[in-house]
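Chemist: Need a 3D model of the sequence below.
(one chain, ligands or ions: 1)
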Amino acid sequence: MQAECNKLTAAFGRPGALDFVLSPLGGIVARLRQGASEATIALHGAHVLSWVHDGREMLWLSPVARLDEGKAVRGGIPVCWPWFGPHPGDAAKPAHGLVRTRGWHVAETAAAAGRTMLRLSIQTAEQDAQHWPHRAMVELTVALGDDLALTLATQNIGSAPFRLTEALHTYFRVGDIAQTTVEGLERCSYIDKLDGGARRDQAGAIGIDREVDRIYLGDTSALCLIDGGRGARVEIESVGSRSAVVWNPWEQKTARLGDMGSPDAYRQMLCIETANAGDDVVEVAPGATHRLQARFRVG
Ligand code: TA6
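Modeler: Down below sits the predicted model:
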């Protein structure tokens, strides 16, 4: 695998800004650098594992995370595609779609004007037809500057339209969940996944003092994570999305998951996911491309 890293760095590396190395988690990762920021992205699942801004890690990643073929990674930014959550027709199929457990290919890199960019791609294959009988080319573009920008592009390369749900399932690191709030969803309704999908209206900023698993619907384009524990704010902007998921497993689900690394791991993380989920289903015509975009800026 070291030879593969060397080949990728020779072909796509950008001196001082981007190279490919073997991760201690067991796979090949791209390391992006720009000023005082760094990002680490695994070819496995096109999974952003780390985003360090001014020396501070902004994402939460399980201490027991591994890059194992066919296995999902707990933490970072999982790419959920072409369905969010359980498969719409068969709960026995993998949760959160097909591509977060697969190897992606390096399509392009760039480093200029204060931004370092990596584009990874994957294409649906014959063996996917049992799960999702459509043909698509999917690309994840990660651009690191003083902010972190992600674009998940889906091109319909088949002859019939298809519908999809998806998410950039971001696990933000926080100092203390008890001192953490989310602003920007005050005017939205949400689907409460913990109460049989009941629909409720959000009142005020979101505080977390129990397990929360909600799909917010409507204008979710300008959110802000207030991390009181670390005195940080993260602005979360989205384009191509009419839904956002807020999730914290709290104590009991953390124990059930078993891969969070410690019983109180839930106190240092909060998922705020840029999505097309719930009622927010996307239809892509033959030849068309849909883009789901998220941009994170530390305030
Ligand atoms: O986005 C929230 C959610 O759908 C939760 O219901 C929980 O299942 C979480 O995703 C993690 O899912 P995973 O399949 O990665 O364990």
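
Chemist: Show me what the residue in the stretch 151-299 of the chain that the ligand sits nearest to is bridged to.
Modeler: Nearest residue of the stretch 151-299 of the chain to the ligand (CB to the nearest ligand atom) works out as Trp247 at 3.8 Å. C-beta here means a position set from N, CA and C on the backbone, and glycine is covered the same way. The partner list for Trp247 in beta bridges (DSSP bridges) reads Asp213, Cys271.

Chemist: who touches Pro161 in this structure?
Modeler: By CB atoms under 8 Å, 6 or more residues apart in numbering, the contact set of Pro161 is 283-286.

Chemist: give me that answer again for 10 Å
Modeler: Pro161 makes contact with 134, 283-286, 288, according to CB atoms under 10 Å, 6 or more residues apart in numbering.

Chemist: what's around the residue of the stretch 151-299 of the chain closest to the ligand, how many residues?
Modeler: Each residue near Trp247 was counted by other CB atoms under 10 Å, and the total is 21.

Chemist: thinking it is in contact with Ile272, fair?
Modeler: Yes: Trp247 lies in contact with Ile272 (CB atoms under 10 Å); the separation is 8.4 Å.

Chemist: what is in contact with these two at once?
Modeler: Residues touching both Trp247 and Ile272 by CB under 10 Å, 6+ apart: 169, 171.

Chemist: And the contacts of the lengthiest helix in the chain?
Modeler: Determined from DSSP state H, the single longest helix within the chain is helix 2-12. Residues from elsewhere that reach helix 2-12 (CB under 10 Å, 6+ apart): 13, 15, 18-23, 28-31, 43, 106-110, 118-119.

Chemist: again, 7 Å this time
Modeler: Residues outside helix 2-12 that contact it (CB atoms under 7 Å, 6 or more residues apart in numbering) are 19-22, 28, 106, 109.

Chemist: Show me what residue of the stretch 1-150 of the chain gets nearest to the ligand.
Modeler: Ala95 (3.9 Å).

Chemist: That residue contacts Pro88, correct?
Modeler: No: applying CB atoms under 7 Å, one finds Ala95 not in contact with Pro88, separated by 11.7 Å.

Chemist: Tally up the residues packed near the residue of the stretch 1-150 of the chain closest to the ligand, please.
Modeler: By other CB under 10 Å, the residues close to Ala95 number 13.

Chemist: where does it land in three-state SS?
Modeler: coil (DSSP: H, G, I helix; E, B strand; the rest coil).

Chemist: hmm, back to that, tell me what angle the following helix or strand past the longest helix of the chain forms with helix 2-12.
Modeler: Going down the chain from helix 2-12, the next helix or strand is strand 18-22, by DSSP states H and E. Angle of strand 18-22 versus helix 2-12, following axes from the mean of the first three to the mean of the last three CA atoms, to 10 degrees, is 170 degrees.

Chemist: How about His105: what's its closest non-neighbour residue?
Modeler: Once flanking residues are discounted, His105 sits nearest to Ser121: 5.4 Å by CB to CB, 6 or more residues apart in numbering.

Chemist: Identify the residues contacting that neighbour.
Modeler: Shown in contact with Ser121 (CB under 7 Å, 6+ apart): 104-105, 107, 137-139.

Chemist: taking the mean pLDDT, what do you get for stretch 116-136?
Modeler: Taken as a whole, stretch 116-136 has a mean pLDDT of 93.

Chemist: C-alpha coordinates for that stretch, PDB please?
Modeler: Provided in PDB are the C-alpha atoms of stretch 116-136 (Å, rounded to 0.1, in the frame of the first residue of the first chain):
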ATOM      1  CA  THR A 116      -6.100  23.100  -1.500                       C
ATOM      2  CA  MET A 117      -8.600  20.800  -3.300                       C
ATOM      3  CA  LEU A 118      -9.100  17.100  -3.600                       C
ATOM      4  CA  ARG A 119     -11.800  15.500  -5.800                       C
ATOM      5  CA  LEU A 120     -12.600  11.800  -5.300                       C
ATOM      6  CA  SER A 121     -15.000   9.800  -7.500                       C
ATOM      7  CA  ILE A 122     -17.000   6.600  -7.500                       C
ATOM      8  CA  GLN A 123     -19.500   5.000 -10.000                       C
ATOM      9  CA  THR A 124     -22.300   2.700  -9.200                       C
ATOM     10  CA  ALA A 125     -21.700  -0.800 -10.600                       C
ATOM     11  CA  GLU A 126     -23.600  -3.800 -11.700                       C
ATOM     12  CA  GLN A 127     -23.500  -5.400  -8.300                       C
ATOM     13  CA  ASP A 128     -25.300  -2.400  -6.800                       C
ATOM     14  CA  ALA A 129     -28.400  -3.100  -8.900                       C
ATOM     15  CA  GLN A 130     -29.900  -5.300  -6.100                       C
ATOM     16  CA  HIS A 131     -29.800  -2.300  -3.800                       C
ATOM     17  CA  TRP A 132     -30.200   0.700  -6.200                       C
ATOM     18  CA  PRO A 133     -30.900  -0.100  -9.900                       C
ATOM     19  CA  HIS A 134     -29.600   3.200 -11.400                       C
ATOM     20  CA  ARG A 135     -26.300   4.400 -12.900                       C
ATOM     21  CA  ALA A 136     -24.600   7.400 -11.400                       C
END
